[in-house]
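Novice: sequence and predicted structure are below.
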Amino acid sequence: MKRSKINDVMRQAVDFFEEQKFFLPEFAFWKLEDWKSRGEEIKEIIDNQLGWDITDYGSGNFSDFGLIHFTLRNGNFADIPKGAKPYCEKVMIMEEGQVIPMHHHNQKIEDIINRGGGILSIQLYNTTNDNQLAETPVVVFCDGIKNELESGSVVNLKPGDSITIKPEHYHKFWCKEGSGRVLIGEVSSVNDDYRDNVFLKKIERFIEIEEDEEPLYLLYDDYEKFLE
């Protein structure tokens, strides 16, 4: 994915955040020189993967398989026994026509919330012991209400609706056709995108970037590359 494309996606994301009156923290807009002027005080941002994350899941086609994330707060598995935060919060933007591939998590339990815009569709399965799709009924809670669904059922979340997804739930999601882009919230246990995602089909979670221009804002996968 070209850096110029990532930069354009970020600009459009900022416009949508403003439209939805969702405000990002100051570090979301730091330039490279701002990052390099900081020291030990930003260690939690770097260690806990806070910030921008834009992916096309290795497809080379962001319009069909893509998602914009911003991780606002997050703990770290290694630090939880020391009393560190055991939770995470993200905000995401999904465009109509995009699909997030089917996946589940080894440890993370998450509430996915439609924060505004269109309708978010989520397809659900249980997992088998060998990480395949089970044919068993899926039990999920939507805003605290228990639902027992057939395997492969689709739940549609309107703005304000939420669903709790557990590690045993395979899920993929997309914007319902004709409803427009969606602002998605995620409140979860600690998130680790490098180690805790299990995809049904082999994909690349993080993108290879063609550096055709300077970064507008750093992705959290950029920190190791650009910061000492």
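Specialist: Received the coordinates, thanks. Numbers count the residues shown, from 1 in each chain.
Novice: so where is the chain shaky, pLDDT-wise?
Specialist: Along the chain, the model assigns pLDDT under 70 to no residue.
Novice: doesn't residue 152 make contact with residue 136?
Specialist: No. If you go by CB atoms under 8 Å, residue 136 and residue 152 don't touch, sitting 10.8 Å apart. Yep, even glycine has a C-beta here, placed from its N, CA and C like the rest.
Novice: and the residue nearest the centre of the chain?
Specialist: residue 69 (4.6 Å; CA atoms, centre = their mean).
Novice: give me the element that one is part of.
Specialist: Element membership for residue 69 (DSSP states H and E) is strand 67-74.
Novice: for that strand, which outside residues touch it?
Specialist: Strand 67-74 is contacted from outside by 9-10, 13, 24-25, 28, 48-55, 85, 87-94, 98, 100, 190-191, 220, using CB atoms under 8 Å, 6 or more residues apart in numbering.
Novice: same deal with stretch 12-32?
Specialist: 42, 45, 50-52, 68, 70, 72, 91, 93, 115-117, 181, 183, 214-215, 217-218, 226.
Novice: which residues in this structure form helices?
Specialist: 3-19, 32-36, 43-47, 223-226 (DSSP state H).
Novice: PyMOL command for the buried members of the contacts of stretch 12-32?
Specialist: Filtering the contacts of stretch 12-32 down to the buried ones (16 or more other CB atoms under 10 Å) takes a single PyMOL command:
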select buried, resi 42+45+50+51+52+68+70+72+91+93+115+116+117+181+183+215+217+218
